[in-house]
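> Based on what follows, work out the 3D shape:
(one chain, ligands or ions: 2)
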Amino acid sequence: MTTAKDPGPQPGQLRVLHVEDNELDAELVSEALRRGGFSVSVVVVQEEAEFVEQLLSHHPEVVIADYNLPQWTGMEALDVLRRKGLDIPLILVSGALGDITAVECIKRGVTDYVLKDGLARLPEAIRRALQEKRVLRLRREAEEDLARKVEELARSNAELEQFAYVASHDLQEPLRMVAAYTQLLGERYRGKLDENADKFIGYASEGALRMQTLIQDLLAFSRIGRNGAALGHVDCDAVVEEVLLSLGPAMEETGAVVTHTALPVVWADRSQMVQIFQNLIGNAIKFRGEDPAISVQAEKADKQWLFSVSDNGIGIAPECAENIFVVFQRLHARTEYPGNGIGLAICKKIVQRYGGKIWVEPRTGHGSIFKFTMPCDSPAE
Ligand SMILES: Nc1ncnc2c1ncn2[C@@H]1O[C@H](COP(=O)(O)OP(=O)(O)O)[C@@H](O)[C@H]1O
Ligand SMILES: [Mg+2]
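Numbering: from 1, shown residues only. Ligands and ions are numbered 1, 2, ... in the order given. The predicted structure is shown next:
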């Protein structure tokens, strides 16, 4: 039974599929929609076969269904929509629907329900249903968009890492030749050519050596996370003790005093935890002020460990606080303070690998506090 007065839906008309056995009720619903400001094209059906057929030919934007029909029920219409994977809002219109049933129906996926003696509410219910659907669609699209971007970013990151690895790895070989032969040149011909030649050969060897350390640093950086490192419980207390032992000579030479509170056990690759503390404590000693005092601490904050390494050294201008974590970024000439500027980049890459963050804050008075987070539990716990 089709009560659409026009031959088919016109542009701008809301396409409605109405499951209803009572002609008068069907007319009342159409009337209510028109009164509510809708221009509609309604097709009325009574049973499943017709319903399925009209779903395919009428392409309804909304389904209105009576709760109880002689042959089947509005809820069965909902099941058909489900089976066909159609995301069309279904609104029940019913003579009497107890509160319990209404809640049941909504739980099962009905968008809304309207009583037959309250049809004035129907247009608003439809507007809301269409709006909800639009919002859901937009949200789904945004989520899909985000997922796509995350995937792209991961891919381009992986490519970049691969590039850095291959480049630094393959550059080593020719560079070794350059370094070896400039060194040989220096040894064989020093004092045999003119003074300028000696100087130039010196510069060339120095440059080659420096490039070798830069490339080795870059290789070390790009190797983080490449070789499926052995993760396990790492006692940070023991790690820091080990680091202090290796920094012993530097501490003696500078008079730096390093203290640490009890540090936790974390789930990580031990050698990487050594690298982090070695870099941070090493920096605190290198960029020291008078009477260098350095302290290492950890506290639990929000299901994470928050580590801090604080010093009373030369401090860092706030505008440089982000830059210093970038590969080869330094704030001083190498003649002032030795180094390649890879240490903090390595720390950041390691910390991020464990889902943590690293940053620096100015210390009141003077100096800096480097902070980083690590998850509290091992994945298995
Ligand atoms: N504790 C610190 N106090 C002051 N400046 C620091 C400190 N740690 C790092 N920096 C700044 O950050 C830069 C980058 O550090 P890093 O990556 O470890 O490289 P490097 O130690 O080779 O210079 C340093 O050159 C320095 O300018
Ligand atoms: Mg460093």
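> Please report how far the residue nearest the centre of the chain lies from residue 373.
Geometric centre of the chain, nearest residue: residue 150, 6.9 Å, by Cα atoms, centre = their mean. For residue 150, the distance to residue 373 (Cβ to Cβ, to the nearest Å) stands at 21 Å. (Glycine included, C-beta is placed from N, CA and C.)
> do the same with residue 10
Applying Cβ to Cβ, the value for residue 10 to residue 373 is 60 Å.
> Show me which of these two is the more surrounded one.
The neighbour count for residue 10 versus residue 373, taken as other Cβ atoms under 10 Å, is higher for residue 373 (20 against 9).
> I figured the more buried one hits residue 306, correct?
Yes - the pair residue 373 and residue 306 passes the contact test of Cβ atoms under 8 Å, sitting 5.5 Å apart.
> Tally up the residues packed near the closest residue to residue 345 other than its chain neighbours, please.
Leaving aside its sequence neighbours, residue 345 sits nearest to residue 327 (Cβ to Cβ, 6 or more residues apart in numbering; 4.3 Å). Number of residues near residue 327 (other Cβ under 10 Å) recorded here: 18.
> What distance do you get for residue 327 to residue 117?
In this view, residue 327 and residue 117 are 73 Å apart by Cβ to Cβ.
> now swap in residue 355 and tell me
For residue 355, the distance to residue 117 - Cβ to Cβ - is 58 Å.
> returning to that earlier point: going by secondary structure, the residue nearest to the centre of the chain is in what exactly?
helix 122-189 (DSSP states H and E).
> Show me what that helix is packed up against.
helix 23-35, strand 62-66, strand 90-94, strand 112-115, helix 195-223 (3 or more Cβ pairs under 8 Å, 6 or more residues apart in numbering; DSSP states H and E).
> Looking at these, which is nearest to ligand 2?
helix 195-223 (10.4 Å; Cβ to the ion).
> Which positions in the helix or strand that the closest one is followed by come out as buried?
Once helix 195-223 ends, the next helix or strand along the chain (criterion: DSSP H and E) is strand 232-235. For strand 232-235, a neighbour-count test (16 or more other Cβ atoms under 10 Å) marks residue 234 as buried.
> avg pLDDT for strand 232-235?
Strand 232-235 shows a mean pLDDT of 94 in the predicted model.
> Specify the angle between the helix holding residue 150 and helix 23-35 in degrees.
Compare the direction of helix 122-189 with that of helix 23-35 by axes from the mean of the first three to the mean of the last three Cα atoms, to 10 degrees and you get 60 degrees.
> Helix 122-189 to helix 195-223, inter-axis angle?
Relative orientation of helix 122-189 versus helix 195-223 (the same axes, to 10 degrees): 150 degrees.
> and helix 122-189, how far out from the chain's middle?
Here helix 122-189 shows a centroid-to-chain-centroid distance of 12 Å under the convention Cα atoms, centre = their mean, to the nearest Å.
> can you state the direction angle for it and strand 90-94?
160 degrees.
> give the contact list for whatever residue of the stretch 201-350 of the chain ends up closest to ligand 2.
Nearest to ligand 2, among the residues of the stretch 201-350 of the chain, is residue 343, at 2.9 Å (Cβ to the ion). For residue 343, the contact set (Cβ atoms under 8 Å, 6 or more residues apart in numbering) comprises 279, 282, 283.
> How much space separates it from residue 336?
To residue 336, residue 343 is 16 Å away according to Cβ to Cβ.
> where does the stretch 251-381 of the chain come near ligand 2, residue by residue?
Residues of the stretch 251-381 of the chain found near ligand 2 (Cβ under 5 Å from the ion) are 283, 343.
> The stretch 251-381 of the chain: strands as residue ranges?
Assigned by DSSP state E, counting those that start in this stretch, the strands in the stretch 251-381 of the chain fall at 257-260, 265-268, 293-301, 304-311, 358-362, 368-375.
> Could you export those to a markdown table, including columns for distance to residue 25 and mean pLDDT?
Listed next are the strands of the stretch 251-381 of the chain as a markdown table, based on distance: least, Cβ to Cβ, whole Å; pLDDT from 0 to 100:
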| stretch | distance to residue 25 | mean pLDDT |
| --- | --- | --- |
| strand 257-260 | 79 | 98 |
| strand 265-268 | 65 | 94 |
| strand 293-301 | 62 | 96 |
| strand 304-311 | 61 | 97 |
| strand 358-362 | 66 | 97 |
| strand 368-375 | 61 | 97 |
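> mind putting these in CSV, distance to ligand 1 included?
Listed next are the strands of the stretch 251-381 of the chain as CSV, based on distance: least, Cβ to the nearest ligand atom, whole Å:
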stretch, distance to ligand 1
strand 257-260, 12
strand 265-268, 20
strand 293-301, 9
strand 304-311, 5
strand 358-362, 7
strand 368-375, 5
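> May I see the ones you listed arranged in TSV, with distance to residue 175 as well?
As requested, the strands of the stretch 251-381 of the chain are arranged in TSV below (distance: least, Cβ to Cβ, whole Å):
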stretch	distance to residue 175
strand 257-260	36
strand 265-268	33
strand 293-301	36
strand 304-311	34
strand 358-362	31
strand 368-375	32
